[in-house]
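**Student:** turn this into a structure:
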Amino acid sequence: MGAGLDHALAEIAAGRIVVIAGDRLRGGDIDLMVAARHVTPQAINFMATHGRGLICLAVTPERAAQLGLSLVNPGTERQTGRPFARSIEAASGVSTGISAADRAHTIAVAIADGASATDIHSPGHVFPLIARGGGVRERASACEASIDLARLAGAGDAAVICSIMRDDGEMARLEDIGDLLNDHSLAVADIGALIARLEEAGA
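**Tutor:** Prediction:
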């Protein structure tokens, strides 16, 4: 398990996409993930093609505050397992906003040093998720895991994630995506292994 995590961290550091498994809050849904600083139009297109779920930008509470973002539903009664803020678009440099290039640009604008609320508009085609401050040990979900993975990999503190759907439209499980893993040499990061690593390190 540790070796698998190390492989995933090396892939993230190199700017490649990995799979996050072990989300305890969303019934075992799995996600594609890439560090936000490494996102490209090609990565967005890969997620749209092979993930098929909603492409989201996971950010820290500090980054969300910097961008003027807050939870759409801050309560606990009707949460969906995804801590959504309002959708965003770069204030400039995009056309319709939905293309892979436009979404990659919006993400780059949102995570840039010194970015602020004036740099983004709403609604848009990128869906921010606001992680818990304590990371994956506070909330064992792909949102927090993706940020902790990016940090461990030395790849910043924001990540892009996308749920994976099967061909029939149902949410995929790890056993459903063997061909995807093999065809694209995707590493898998297990949330349980990540939590164990963080607890060992006392991070």
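**Student:** which residues in the protein form strands?
**Tutor:** In the chain, the strands defined using DSSP state E lie at 18-21, 31-35, 52-59, 88-90, 120-130, 159-164, 188-190.
**Student:** pick the most buried one from those strands.
**Tutor:** strand 31-35 (a mean of 28; mean count of other CB atoms under 10 Å). No exception for glycine: its C-beta is placed from N, CA and C like everyone else's.
**Student:** contacts for that strand?
**Tutor:** For strand 31-35, the surrounding residues in contact (CB atoms under 8 Å, 6 or more residues apart in numbering) are 12-13, 15-20, 23, 43, 46-47, 50-51, 53, 142, 146, 149-150, 153, 155-156, 158-164, 186, 189.
**Student:** measure stretch 34-43 end to end?
**Tutor:** Taking CA to CA, to the nearest Å, stretch 34-43 runs 8 Å from one end to the other.
**Student:** buried residues in that stretch?
**Tutor:** Residues 34-39, 43 are the ones in stretch 34-43 that count as buried (16 or more other CB atoms under 10 Å).
**Student:** adding pLDDT and distance to residue 58, write those out as a markdown table.
**Tutor:** Output for these, formatted as a markdown table (pLDDT from 0 to 100; distance: CB to CB, whole Å):
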| residue | pLDDT | distance to residue 58 |
| --- | --- | --- |
| 34 | 98 | 11 |
| 35 | 98 | 10 |
| 36 | 98 | 8 |
| 37 | 98 | 13 |
| 38 | 98 | 14 |
| 39 | 98 | 12 |
| 43 | 98 | 14 |
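**Student:** wait, which of the residues you listed is closest to residue 59?
**Tutor:** residue 36 (8.1 Å; CB to CB).
**Student:** ok, now how distant is the closest residue to that closest one other than its chain neighbours from residue 33?
**Tutor:** Closest residue to residue 36 apart from its sequence neighbours, by CB to CB, 6 or more residues apart in numbering: residue 158 at 3.8 Å. Residue 158 sits at a distance of 11 Å from residue 33 (criterion: CB to CB, to the nearest Å).
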